[in-house]
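Student: predicted coordinates and the sequence they were generated for:
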Amino acid sequence: MADLIYLDHAATTPLSQHALEAMMPYLTKEFGNPSSVYLPGRKARNALDGARETIAAVFGAHPDEIYFTSGGTESDNWAIRSAGCFSGTRNNLVVSAAEHHAVLHPAEAMHKNGCGLTVLGMDRFCRVSAAELRKAVGEETALVSIMAANNEVGTVMPVAELAETAHEAGALFHTDAVQAAGHIPLDVERLGVDMLSFSAHKFGGPKGVGGLYLRRSVRAGPGQLGGGQERGLRSGTENVAGVVGMAAALEESCRTLNENSVKISKLRSRLIRGILEIPGTVLTGDPEQRLPGSASFLFDGISGEALVLLLDQNGICASSGSACSAGALEPSHVLLAMGYSEDAARGSLRLSLGAENTEAEIDTVLKILPGIISRLRSE
Amino acid sequence: MKKKVLVGMSGGVDSSVAACLLLEQGYDVAGVTLHLYNNEDAGLSKARTCCSLADVEDARSVARHLGIEHYVFNFGPEFRRDVICRFADGYSKGETPNPCIDCNRYIKFGKMLERARLLGFDSIATGHYARSEFDPTTGRWLLKKAADLTKDQTYVLYPLTQDTLAHTVFPLGGLTKSEVRKIAEEQGFVNASKPDSEDICFVPDGNYAGFLENVMGLKQEPGSFVDESGNVLGQHKGLIHYTIGQRKGLGLSFEAPKYVLRKDTASNTVVLGDSSKLFSSGFLAENVNLIFAENLTEPTECEVKIRYSQSEAPATLFPLPDGGAEVRFREPQRAVTPGQSAVFYRGDTVLGGGTIRTAKS
């Protein structure tokens, strides 16, 4: 088999060499616990603080507003569950139906425990509108959580406008930026967000580490209790190597963001153009406002699961829908919320590109895919 | 080149050993677990540990142990359409359907072989206790009972087509259950002592009526128990609660025991009568699949099995112009139940089978 063509960067990205090199000392000789007072401990502490500064600078935040976690899901859970701490009188959450389950499920759990919950719909392009949000927020709203960019279809949300709308109603605003961080510019001041979740492995960092930006003025409860690490809000010995790798990867992806997004968007446009020539195909998500690497489609009358397995046989890594706990692929809740039928949503394909993809790889996909689609349709 | 075979792995001991034996026989083996329903769809609590999830984990553990690839295919919508909905339809028509047979026909063999071919496999395999062999004189693939007659599963395999039989391997056909368990123990499989599954998988508590009413929304109207002359004997809770031959749980008492003879959907009545009235001389079968021959051309002697747990009865098959068959027993048989499958045997060979449409008195 030829080399793998990896087109699932929205699932995870390859670890950047730069990040790996930054991590290596902390995986080997620099093993100290950042809370220890002796030299190895102080070295680890320095590495952690340096990483915090790097990440804060990327997001235009203060270092003391960056909290390290185990990843996007933990950050989202923490942000949502904190909503109850913000104000005694406000007891309502507003989220969009496009959110990742890492936001939806804790929101539903809060709702079960008596918190109000409004789930905003989206349009056919997966856009959440500020006008809709305005109707949903009020003096009872504690927190609005809307993602910066959708993981299934790549639509970039009007976060600044949405955050402003939330603030007008006196509510706080959280954005799940797991899919967006490192891929589009994100500045917490310009966006006006109060909380922002990110995850290292979506931008060339290692798995199992992420963070939450928490504005100084926000009084969130602790995400985890224990030894008092992360300013007492997220206890547990820090993942020093992971955090250092995350900072290196984030700094690198933001340094190369302009150059890479031009390159990646060009490849993506080539891919989209080619795939839309296959009859019975639609592009899902916003045609304009989308992440540079994101190309997502629906093919009439096929099973996305079979499609992904056949692409796999051809050495192409792609995804369709989301895997349930058993590992089977289920139609994406996002496509359903965008108004597609369950049948249509089963025929979905998500290709997400990264900087290491080449034109030759895109052309290989365009050569192989039409044959696979017509074979599946003839079954 | 090694033949590529995709083995269906339920997470149970049988299919795990099947995968192991295929490897020993020199096949290029991959395993697949079919994801057929979610607990919520089956009316099971979401909070309860998902049994199908545990099964997938067991299958994955065995596959990892054997060093083979493992896939999960989601055939949920197909399972709902071709198995669960047919099950509900059958009950709503007053029949007693057997969903495992539809699952084999449409999903476990139908969809799985289709998907296996798509992915470049030569054959599929399952852990069923059955044997298949090619008969050079007739040019047909035959389905035969397992060596372990107490475990034989040919009753649920009669819908297999010639194409399916030609592309299916049954590695356990020559083994007994205890031999299979022994292999699983030797291999250290996590599921070596897992009990056999018995109930319908999507109704694990066996409460079909509850499933049909609460999950499938099958509305049940109470109606009358009547005798054969139409005299009302009492009130019933709805037709789906009763099955042909049932005596207990009617909520009525009689001087002589009375049994469910028939269910009439038009009048919403359950007809009760004496045990002697439960016996039928034969029945009409539809959806007949023949394995030993392309068509039935003449009356054919055979042994018929009219439910999974029953031994065969001698009978003669008569071809019907619509492709169905009329079955006449040598001796009248008890509780011939519309919707159940009838499987025709000659010795250890499965001639074919069909669905019982109407019993003949």
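Tutor: Perfect, I can see it now. Numbers count the residues shown, from 1 in each chain, chains lettered A, B, ... in the order given.

Student: near chain A, which residues of chain B?
Tutor: By CB under 8 Å from any CB of the partner chain, the part of chain B that sits against chain A consists of B:33, B:35, B:38, B:50, B:52-53, B:56, B:60, B:71-74, B:76-77, B:114-115, B:118-120. Using the backbone N, CA and C atoms, a C-beta is placed for each residue, glycine as well.

Student: quick one: which of these sit in helices?
Tutor: Counting by DSSP state H, these place B:52-53, B:56, B:60, B:76-77, B:114-115, B:118 in helices.

Student: just the buried ones from those residues?
Tutor: When burial is judged by neighbour count using 16 or more other CB atoms under 10 Å in any protein chain shown, the buried members of those are B:52-53, B:56, B:60, B:76, B:115, B:118.

Student: need the ones in helices among the residues of chain B next to chain A in a markdown table with pLDDT, can you?
Tutor: Formatted as a markdown table, the entries for those read as follows, by pLDDT from 0 to 100:
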| residue | pLDDT |
| --- | --- |
| B:S52 | 71 |
| B:L53 | 78 |
| B:V56 | 89 |
| B:R60 | 94 |
| B:G76 | 90 |
| B:P77 | 91 |
| B:E114 | 96 |
| B:R115 | 96 |
| B:L118 | 94 |
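
Student: now those as CSV including distance to A:G138?
Tutor: As requested, these are arranged in CSV below (distance: CB to CB, whole Å):
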residue, distance to A:G138
B:S52, 42
B:L53, 40
B:V56, 44
B:R60, 48
B:G76, 39
B:P77, 40
B:E114, 53
B:R115, 50
B:L118, 52
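
Student: ok, and the closest non-adjacent residue to residue 71?
Tutor: With no chain named, the answer covers chain A. Taking CB to CB, 6 or more residues apart in numbering or on different chains as the measure, A:G71 lies nearest to A:G210, with 4.0 Å between them; neighbours along the chain are not counted.

Student: I was thinking of chain B, sorry if that wasn't clear
Tutor: Taking CB to CB, 6+ apart as the measure, B:Y71 lies nearest to B:V32, with 4.5 Å between them; neighbours along the chain are not counted.

Student: list the residues that contact that neighbour.
Tutor: Counting by CB atoms under 8 Å, 6 or more residues apart in numbering or on different chains, B:V32 makes contact with B:6-9, B:70-73, B:112, B:115-116.

Student: of those, closest to A:E379?
Tutor: For A:E379, the closest of the contacts of B:V32 turns out to be B:R115, at 8.9 Å, with distances computed as CB to CB.

Student: name the nearest residue to the closest one, sequence neighbours excluded.
Tutor: B:F73 (5.9 Å).

Student: grab the nearest non-local neighbour of B:N98.
Tutor: The spatial neighbour of B:N98 that comes closest, neighbours along the chain excluded (CB to CB, 6+ apart), is B:S341 at 5.4 Å.

Student: okay, and the beta partners of the one you found?
Tutor: Beta bridges link B:S341 to B:T355, judged by DSSP bridges.

Student: report how many residues lie close to it.
Tutor: By the measure other CB atoms under 10 Å in any protein chain shown, the count of residues near B:S341 is 24.

Student: any idea how far B:F329 is from it?
Tutor: In this structure, B:S341 and B:F329 are 16 Å apart, going by CB to CB, to the nearest Å.

Student: picking that back up, for the residue nearest to A:G71, list the residues it contacts.
Tutor: Contact criterion CB under 8 Å, 6+ apart gives A:68-72, A:74-75, A:178, A:197-200, A:246 as the residues in contact with A:G210.

Student: which SSE is whatever residue of the stretch 201-350 of chain B ends up closest to chain A in?
Tutor: With CB to the nearest CB as the measure, B:C201 is the residue of the stretch 201-350 of chain B nearest to chain A, at 13.6 Å. With elements taken from DSSP states H and E, nothing contains B:C201; it lies in neither a helix nor a strand.
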